[in-house]
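Visitor: Kindly return the folded structure for what I paste below:
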Amino acid sequence: MQIYSDLVLEAKELIDEKRASQMEAAHQLPEGVIADTEEQDEYRVTRIRIESDEAAEQLGKSQGNYITIELKTEEISSLALQQQIAHTLSAEMNLFTGALNKEDPCIMVVGLGNRSVTPDSLGPRVVDRMVVTKHLKSNEQLRKHLDTRMGTVCAVAPGVMGITGIETGAILQGLIDVAHPDLVIAVDALASRKTSRVNTTIQISDTGIVPGSGVGNRRMELSQNTLGIPVIAIGVPTVVDALTMTCDLLEKATGKAPDDTMLERLSDTYGSEMIVTPKNIDVAIERMCIAISNGLNMALHKGFDTMDVHEYLM
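Guide: Here you go, the predicted structure:
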């Protein structure tokens, strides 16, 4: 029995929960994990670094840096909060892009997922809102007239293998050979083990991504190992499986989480074949897309603010 999740924060919580019943020092992290949390009025930012093979094995995640932005509300409920999230994401992304040590790196933003399925459309819809400039900067005459704040950005939504018949990783390998980016930023919808994190959490990591892994449909890994250049993954949980939802409801009703025996019974009843999403998914995806795309545009075009982004997208 397995409850699916793509979030390293939840992998850490599983370790905490298991150790809490066995050790006096509840929440003691595995050796090789560094974590800190920064609290804001309406959201918190948790930064986790996995530095050892042992920690990576225990958490089930690759070594690297993971940043999680969690809303304290049920959704992005105001324009002010949306802008705060965008600015926070931009600041965190600057740490990753700055590590390239290039004055004007070429960045490829990849929107993973199926545009026709709302909970899976996050990536393609973020790509739709990117200010792309690589084609302009490649033209010497046009480059002279460009806003000097603009970075070099290209973007693509390669679709899913069920539609294209081709592994997304294979498509990206071909695109990288042509466009020669210095960094890939992959945006995708994720799965969570808590309904409260659906559409309220953004995870950023420098370890790449395995599309479909959160719902048990693993595709080719997208990482520096497979693509040959650094890959930053940005994801938002948009679904949970039926088992997760049932466990959450039981915990709220009884005040305690189901034990292993109950989980086995629930798994036999529900399995993990049914994936669910909130009824307001259309609005939630749209608001998250704007927050993420604004954050990326501000990070990749230095000096841009949200009004500059909206002006160029008109």
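Visitor: Which element, helix or strand, includes T238?
Guide: Per DSSP states H and E: T238 is located in strand 231-241.
Visitor: One more: E38?
Guide: strand 33-39.
Visitor: distance between the helix or strand following that strand and the chain's centre?
Guide: Scanning forward in sequence from strand 33-39 by DSSP H and E, the next helix or strand is strand 43-50. Remark: strand 43-50 is offset 13 Å from the chain centroid, using C-alpha atoms, centre = their mean, to the nearest Å.
Visitor: got the contact list for strand 43-50?
Guide: Residues from elsewhere that reach strand 43-50 (C-beta atoms under 8 Å, 6 or more residues apart in numbering): 8-9, 12, 32-38, 56, 59, 61-72, 81, 84-85, 88, 92. From N, CA and C alone the C-beta is placed, and that goes for glycine too.
Visitor: Those in strands, which ones?
Guide: Mapping the contacts of strand 43-50 onto strands (DSSP state E) picks out 33-38, 64-71.
Visitor: Just the buried ones from those residues?
Guide: 33, 64-71 (16 or more other C-beta atoms under 10 Å).
Visitor: closest to V184 among these?
Guide: G64 (14.7 Å; C-beta to C-beta).
Visitor: which ones are touching that closest one?
Guide: Per C-beta under 8 Å, 6+ apart, neighbours of G64: 49-50, 205-207.
Visitor: any chance of the residues you listed in JSON lines, with neighbour count too?
Guide: As requested, these are exported to JSON lines (neighbours: other C-beta atoms under 10 Å):
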{"residue": "R49", "neighbour count": "16"}
{"residue": "I50", "neighbour count": "28"}
{"residue": "S205", "neighbour count": "25"}
{"residue": "D206", "neighbour count": "21"}
{"residue": "T207", "neighbour count": "22"}
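Visitor: so L142 sits in a helix?
Guide: Yes. Counting by DSSP: H, G, I helix; E, B strand; the rest coil, L142 falls inside a helix.
Visitor: Name the helix or strand for the residue lying closest to it once chain neighbours are set aside, please.
Guide: In space, and not counting its chain neighbours, L142 is closest to L136: 4.9 Å by C-beta to C-beta, 6 or more residues apart in numbering. In this assignment (DSSP H and E), L136 forms part of helix 134-137.
Visitor: Give the other helices and strands that that helix contacts.
Guide: helix 140-143, strand 152-156 (3 or more C-beta pairs under 8 Å, 6 or more residues apart in numbering; DSSP states H and E).
Visitor: buried residues in it?
Guide: For helix 134-137, by 16+ other C-beta under 10 Å, it's 134, 137.
Visitor: May I have that helix exported as CSV, CA atoms only?
Guide: The C-alpha coordinates for helix 134-137 follow below in CSV (Å, rounded to 0.1, in the frame of the first residue of the first chain):
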residue,chain,number,x,y,z
LYS,A,134,15.5,34.0,-27.5
HIS,A,135,14.3,34.5,-31.1
LEU,A,136,14.7,38.2,-30.7
LYS,A,137,18.1,38.1,-29.1
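Visitor: ok, residues contacting it?
Guide: Contacts of helix 134-137 (C-beta under 8 Å, 6+ apart): 106, 142-143, 146, 150, 152-154, 179.
Visitor: Give me the distance between the two termini of stretch 102-111.
Guide: 24 Å (C-alpha to C-alpha, to the nearest Å).
Visitor: Stretch 289-309 now?
Guide: Using C-alpha to C-alpha, first and last residues of stretch 289-309 are 13 Å apart.
Visitor: buried residues in it?
Guide: Buried, per 16+ other C-beta under 10 Å, within stretch 289-309: 289-301, 304-306, 308-309.
Visitor: Looking at the residues you listed, which are in helices?
Guide: 289-300, 306, 308-309 (DSSP state H).
Visitor: Tell me which two of these sit farthest apart.
Guide: Farthest pair in those (C-beta to C-beta) is C289 and D308. Separation: 17.9 Å.
Visitor: That concludes my questions; thank you for your assistance.
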